[in-house]
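K.L.:
Got a sequence here, can you build the structure:
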Amino acid sequence: MTTTTLAVLVPLLPFLGAAAGLLLGRTAPGFVRPLAVLPSLVSLALAVVVAVRQGGDQAVDAATELTPTGSVPIELALHIDGFAALVAVLVGVVASCVQIYSTGYLRDDPRYPSYAALVSLFTSAMLLVVYSGDLMVLLVGWEIMGICSYFLVGHYWETPEARAASLKAFLVTKLGDIPFLIGLFALAADASSFRIRTVLGTVASGGLDHPTLIALLLLAGVAGKSAQFPLHTWLPDAMAGPTPVSALIHAATMVAAGVYFIARLLPVFAASSAALLVLAVMAAVTMAGSALAALAQDDIKRVLAYSTIGQLGYMTGALAVGDRGAAVFHLLSHGAFKALLFLAAGVIIHAAGTNSLAAMSRMKDLRARVPDAYWTMTVALLALAAIPPFSGFFSKEAVLGAAEHAATGHAEDIPGAAGWIVLVAGLVTALLTAAYAMRLWLLAFRGHGAEAPDHGRQPLAMNAVLWVLAVPSLAFGLTTGLLPDWFDGRELTPTLTTSVLGTGVALVGGIVTYGAWRHTTALAARVPLGAVAAHPEGDAGLVEAEAIASHAPAYGDVASAPDPADPGRLLLGPLHRHAAVGFHLDTVYAALFVRPVQAGATLVRFLDREVVDTYVRGAGALPRLLGAAVRRAQTGNVQTYVSALLAGTVVLAVAALLVATAGA
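P.N.:
I've put the predicted structure just below:
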């Protein structure tokens, strides 16, 4: 087969698997698991073949016109460069691991057939985005992912949290998609084509008439899809869905689509210095804010969700300084270790028997009960904290190196301010990332919470997937020297300055957090747990008797009290309660948007019922009254009719006489 044919099959196979799974889910349940796993595995194998044939050098291009439009044509087009080839492999790896893992994680779920089919459709949509060479076809995959996320996040629709989270994810991402769609039309109008290759040629020749406006409109869609400030609030709430779905969304689909889109169309954004500065500021706020929020979360999945937001900030930061190689490198590295983190968290949740026990404050020394999750999550957390030689070190240092390069004025056409913004925010975030990674490891595996019931050993499929993903989490960074062609010819080797700074601040963050944990653990050991009482704002402060008196009343329900040995509370101090709720951004949105819309809806309902309906009711009442009056006159008595006729005749005669007299 030709490379083009193989590339077409890569997104097509998961789509066919999804269709077959939906059709046969009820009638032939024995085929559900094979239809979920095999198409993803075959698609992964074909994606690897396509990547090998493409070689990272010459892009593979093919196109056929979808339908005549009379103006800007829409084409079924493929555009596979080195980035597309590698990202497709990542999507295939993570999707296959998630499908295999889900066979154990959701083995007793009655809605597993629809779940597996939606995961396959999700995978197919992301692969369509990756390989598409036409912006309108890319938009199809973009929107299919949005609807798939709605259904998958709301998989446990019986719970109000899942229903609210799925609706929030859909609405927030759609809020960004509206300007995104306008930006696509404006871009196509300037380039006279939706074809990505043509668009990039127009940019190279200076043919864009409104580069800043187009770039900012497109950034709104990217902010929604890739959960960047200020449209990131949907992602932490999306943790209400099944844990394998979280791994898929955070590692290889949905949130990766926005970063990949900018990387694919980076010349469009680079044509505007203002757009790059906006992107740099957005990345900086996202990185630092999400890292602070992660340090304050108690739910293990919400920690990882805010971690994803921050790591995506690193990627958009690399794009803001014009280095798409560093951005895609971190996208690939992050995809491996973040999938591992979520799936390992799923093993912990599975061991506890319920998703409600994901609170780290309630975990107690899980090392012996989940050894596979313990060792593999340790590897993934070291990669997340960018500790050498784990993969996250190489990819994060590539981002910091690109920022330093731009900050010192060595990046052509890139504002130096953008480089400094990304570099400083990246170093601060590296410190905070190591801090919350260490905190998660300590609370999850060395915590002092309540002992959860033991639900036995996890299925082999779940544990096996963890070890598969541990390999790239550990070793992927070492392969960058072997893949320069796939990264625009760059080897992306760490630079000395950023390596020392980045690793140094990460070590400081981890060591300080460990010291804070030791301190709070020692204090907690000296105070009875029953001394902790309820705090109306949920901040227990330190658990020493004097600290309880000065910081907060005690928790009335000891079982629901937070871990008194939580170092995050000590490190953040009074900032903790604000960081724990995402710095009240949802409250701000409720005040600025939700309540005004609700007030407007109430006003419209009042006007409709009390004003419009009044006129409608009045218009119907008048004929009804006239009809009633006429009906009363119809008595059926002939004498009455004759009397009325005579009376009328007399009235008319008198009137005629009066008129004649007045005329004379």
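
K.L.:
only C-alpha atoms for contact and neighbour calcs from this point on.
P.N.:
OK.

K.L.:
count of neighbours near the closest residue to Arg197 other than its chain neighbours?
P.N.:
In space, and not counting its chain neighbours, Arg197 is closest to Gly133: 7.2 Å by Cα to Cα, 6 or more residues apart in numbering. By other Cα atoms under 10 Å, the residues close to Gly133 number 26.

K.L.:
per-residue pLDDT, Gly133?
P.N.:
Note on Gly133: pLDDT of 92.

K.L.:
go on, Phe487?
P.N.:
Turning to Phe487, the model gives it a pLDDT of 78.

K.L.:
and Ile414, what is it in contact with?
P.N.:
Neighbour list for Ile414: 270, 273, 276, 321-322, 406 [criterion: Cα atoms under 8 Å, 6 or more residues apart in numbering].

K.L.:
Next, the buried residues of the helix or strand harbouring Trp420.
P.N.:
Trp420 belongs to helix 416-446 when assigned by DSSP states H and E. Across helix 416-446, burial judged by 16 or more other Cα atoms under 10 Å covers 416-445.

K.L.:
With stretch 495-503 instead?
P.N.:
Residues 495, 498-499, 502-503 are the ones in stretch 495-503 that count as buried (16+ other Cα under 10 Å).

K.L.:
In JSON lines, list those residues along with secondary structure, distance to Val650 and pLDDT.
P.N.:
Output for those, formatted as JSON lines (DSSP: H, G, I helix; E, B strand; the rest coil; distance: Cα to Cα, whole Å; pLDDT from 0 to 100):
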{"residue": "Thr495", "secondary structure": "coil", "distance to Val650": "115", "pLDDT": "88"}
{"residue": "Thr498", "secondary structure": "helix", "distance to Val650": "112", "pLDDT": "92"}
{"residue": "Ser499", "secondary structure": "helix", "distance to Val650": "114", "pLDDT": "93"}
{"residue": "Gly502", "secondary structure": "helix", "distance to Val650": "111", "pLDDT": "94"}
{"residue": "Thr503", "secondary structure": "helix", "distance to Val650": "113", "pLDDT": "95"}
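
K.L.:
any idea which of those residues is the one closest to Val172?
P.N.:
The closest of the buried residues of stretch 495-503 to Val172 turns out to be Gly502 (Cα to Cα; 33.4 Å).

K.L.:
Could I get the contacting residues of the residue nearest to the closest one when sequence neighbours are not counted?
P.N.:
Sequence neighbours aside, Leu427 is the residue nearest to Gly502 in space, at 6.0 Å (criterion: Cα to Cα, 6+ apart). By Cα under 8 Å, 6+ apart, Leu427 lies in contact with 400, 501-502, 505.

K.L.:
what about Phe180, how many residues close to it?
P.N.:
The number of residues packed near Phe180 is 24, by other Cα under 10 Å.

K.L.:
in the helix or strand it falls within, what's buried?
P.N.:
Assigned by DSSP H and E, Phe180 belongs to helix 160-191. Under the neighbour-count criterion of 16+ other Cα under 10 Å, helix 160-191 has 161-177, 179-181, 183-191 buried.

K.L.:
ditto for stretch 580-591
P.N.:
Using 16+ other Cα under 10 Å as the burial criterion, the residues of stretch 580-591 that qualify are 580, 582-583.

K.L.:
who's in contact with it?
P.N.:
The contact list for stretch 580-591 (Cα under 8 Å, 6+ apart) reads 233, 290, 293-294, 296-297, 578.

K.L.:
Same check on stretch 26-39?
P.N.:
Contact with stretch 26-39 is made by 13-14, 17-18, 20-21, 24-25, 96, 99-100, 103, 113, 116-117, 120, as judged by Cα under 8 Å, 6+ apart.

K.L.:
That one spans what distance, first to last residue?
P.N.:
Across its full length, stretch 26-39 reaches 19 Å between end residues, using Cα to Cα, to the nearest Å.

K.L.:
from what I can see the residue nearest to Arg197 touches Leu200, true?
P.N.:
No: checked against Cα atoms under 8 Å, the pair Gly133 and Leu200 is beyond contact range at 11.2 Å.

K.L.:
May I see the contacts of Leu427 organised as a markdown table, with secondary structure and distance to Leu469 added?
P.N.:
Listed next are the contacts of Leu427 as a markdown table, based on DSSP: H, G, I helix; E, B strand; the rest coil; distance: Cα to Cα, whole Å:
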| residue | secondary structure | distance to Leu469 |
| --- | --- | --- |
| Leu400 | helix | 25 |
| Leu501 | helix | 28 |
| Gly502 | helix | 24 |
| Val505 | helix | 27 |
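
K.L.:
Of all pairs in these, which one spans the longest distance?
P.N.:
Greatest spacing in the contacts of Leu427, by Cα to Cα: Leu400 and Val505 (12.8 Å).
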